[in-house]
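J.: A predicted structure for the sequence below; I have some questions about it.
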2 protein chains.
Amino acid sequence: MRGIGYIIILFFIIEEVCVKKVLVILAPGFEEIEALSPVDILRRAGAHVVTAGTVDGLIEGRNRIRVAPDEDLDAALKDGEFFDMLVLPGGAVGTENLKSDPRVKRLIEIVNAKGAFVTAICAAPTVLSNAGLLDNKRATSHPSVRKELKGAVITDERVVIDGNIITSQGPGTAIEFAFKLVEALFGQEKADEVNRTVLARL
Amino acid sequence: MRGIGYIIILFFIIEEVCVKKVLVILAPGFEEIEALSPVDILRRAGAHVVTAGTVDGLIEGRNRIRVAPDEDLDAALKDGEFFDMLVLPGGAVGTENLKSDPRVKRLIEIVNAKGAFVTAICAAPTVLSNAGLLDNKRATSHPSVRKELKGAVITDERVVIDGNIITSQGPGTAIEFAFKLVEALFGQEKADEVNRTVLARL
């Protein structure tokens, strides 16, 4: 019996060390393409992706698509230090809901403090600037909210990487954003491998 | 009271004539980016988009994203003749589930018979070729299933329009596919207007 115990412990250690864990937060009003393209592409790459809802039950996006998250944000917060990457999708209302939730700010701090990737797209980079993460960092966002990116060195690239911060512009850049997240976690070769079946123009 | 009745009837007539109605079928194993990019972009353009599940409850996609459809396929079949466009997302398992559901074949026939748009992406164009819709039509699909596109004039373009049939290749072409669907229903000007906020590279 003890042998089985060791095997289970070994399994958890391997899982912990080898599997890349990504948290995607879904708040009511989230932009569906921006949230789900990263989930889709990162799972194809082998990441362990968890979607966490800021409210109970189904989360309805900006375009009235209702998604069942894998868990709630309280559970995600408990596991905060285990994540290798945090993804914040945009959507105007979704972004306001992210900003007003203190658990989101706490998760950003936890993930950033361990040097893991903190990423946001569309309006959501303003959540990062509000948390002080974009000070003197190169970043981008949807053009309509760039004046709110306090402290950032704003660029107009479709995806911007500066250290552990990755930002992007909108639904139309979401698949390029998703592939950059794969590249950041697993390298260019894995991104190329995934794209041989996905057929994105990167 | 009779006045209110007339207003309600007038409302339904206007809805029927003016609003473009699109049906997106979600079968277990559907490819999430391929299904939800068209829903997102077509709703932004003002289409009345209905997602219909082939089974009860939440529909789980290829990448374990669970979506609550707007209605079930029996309800959609009853309204079959009202749709201006049918969208079949891919995913290997999702496509097999579309093929094995006689209601899907019936809907394809109803929508095609009225000359409305029948569209499919990735592996799903094989559902159309099985139904005989691609005979002597220019079409495309995911490269891995092209040999199954019986009767079609196969091309390698990312989105192919031939009359009322629109086909595309995979998750990485889904946003281009979605914008072609907007263009087909509403024209180029509307597609350009939607893309001013979406920022897709078309």
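T.: Okay, I see it.

J.: contact partners of the least confident helix or strand in chain A by mean pLDDT?
T.: Using mean pLDDT, DSSP states H and E, helix A:2-18 stands out as the lowest-scoring helix or strand of chain A, at a mean of 76. Residues from elsewhere that reach helix A:2-18, judged by C-beta atoms under 8 Å, 6 or more residues apart in numbering or on different chains: A:48, A:82. Bear in mind the C-beta positions are built from the backbone N, C-alpha and C, glycine included.

J.: give me phi/psi at the spatially most central residue of chain A?
T.: Closest to where the C-alpha atoms of chain A average out (C-alpha atoms, centre = their mean) is A:Val87, at 1.1 Å. Dihedral angles phi and psi of A:Val87 (degrees, to the nearest 10) take the values phi -120, psi 120.

J.: test my guess that it contacts A:Lys21.
T.: No. Using C-beta atoms under 8 Å as the test, A:Val87 is too far from A:Lys21 to be in contact (11.6 Å).

J.: re the thing from before, using PDB, write out every CA atom in the least confident helix or strand of chain A.
T.: Taking Å, rounded to 0.1, in the frame of the first residue of the first chain, the C-alpha atoms of helix A:2-18 are listed here in PDB:
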ATOM      1  CA  ARG A   2       2.900   2.300   0.800                       C
ATOM      2  CA  GLY A   3       4.200   1.900  -2.700                       C
ATOM      3  CA  ILE A   4       0.900   3.200  -4.200                       C
ATOM      4  CA  GLY A   5       1.200   6.200  -1.800                       C
ATOM      5  CA  TYR A   6       4.700   7.000  -3.200                       C
ATOM      6  CA  ILE A   7       3.500   6.700  -6.800                       C
ATOM      7  CA  ILE A   8       0.600   9.100  -6.100                       C
ATOM      8  CA  ILE A   9       3.000  11.600  -4.500                       C
ATOM      9  CA  LEU A  10       5.400  11.200  -7.400                       C
ATOM     10  CA  PHE A  11       2.600  11.800  -9.800                       C
ATOM     11  CA  PHE A  12       1.700  15.100  -8.100                       C
ATOM     12  CA  ILE A  13       5.400  16.200  -8.000                       C
ATOM     13  CA  ILE A  14       5.800  15.500 -11.700                       C
ATOM     14  CA  GLU A  15       2.500  17.300 -12.400                       C
ATOM     15  CA  GLU A  16       3.700  20.300 -10.300                       C
ATOM     16  CA  VAL A  17       7.100  20.500 -12.000                       C
ATOM     17  CA  CYS A  18       6.300  19.600 -15.600                       C
END
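
J.: one step back: measure the residue nearest to the centre of chain A to A:Asn195 for me?
T.: Noted for A:Val87: a distance of 19 Å to A:Asn195, by C-beta to C-beta, to the nearest Å.

J.: could you do A:Ala124 as well?
T.: A:Ala124 is 24 Å from A:Asn195, by C-beta to C-beta.

J.: report the distance from stretch A:172-182 to the chain centre.
T.: 11 Å (C-alpha atoms, centre = their mean, to the nearest Å).

J.: for A:Ala45, which non-adjacent residue is closest in space?
T.: Sequence neighbours aside, A:Val182 is the residue nearest to A:Ala45 in space, at 4.5 Å (criterion: C-beta to C-beta, 6 or more residues apart in numbering or on different chains).

J.: okay, the angle between the helix or strand containing that neighbour and helix B:174-186?
T.: A:Val182 is part of helix A:174-186 when elements are defined by DSSP states H and E. Comparing the axes of helix A:174-186 and helix B:174-186 via axes from the mean of the first three to the mean of the last three C-alpha atoms, to 10 degrees yields an angle of 170 degrees.

J.: C-terminal to helix A:174-186, what's the next element?
T.: Counting by DSSP H and E, the element after helix A:174-186 in chain order, helix or strand, is helix A:188-198.

J.: OK, contacts around the residue nearest to A:Ala45?
T.: A:41-42, A:45, A:47, A:190-191, A:194.

J.: among the residues you listed, which ones are buried?
T.: Using 16 or more other C-beta atoms under 10 Å in any protein chain shown as the burial test, the contacts of A:Val182 include A:41-42, A:45, A:47, A:190-191, A:194 as buried.

J.: in stretch A:129-148, what's buried?
T.: Those buried within stretch A:129-148 under the rule 16+ other C-beta under 10 Å are A:129-131, A:133-134, A:137-142, A:145-146.

J.: pretty sure A:Val39 is in contact with A:Val49, am I right?
T.: Yes. Between A:Val39 and A:Val49 there is a contact at 5.2 Å, judged by C-beta under 8 Å.
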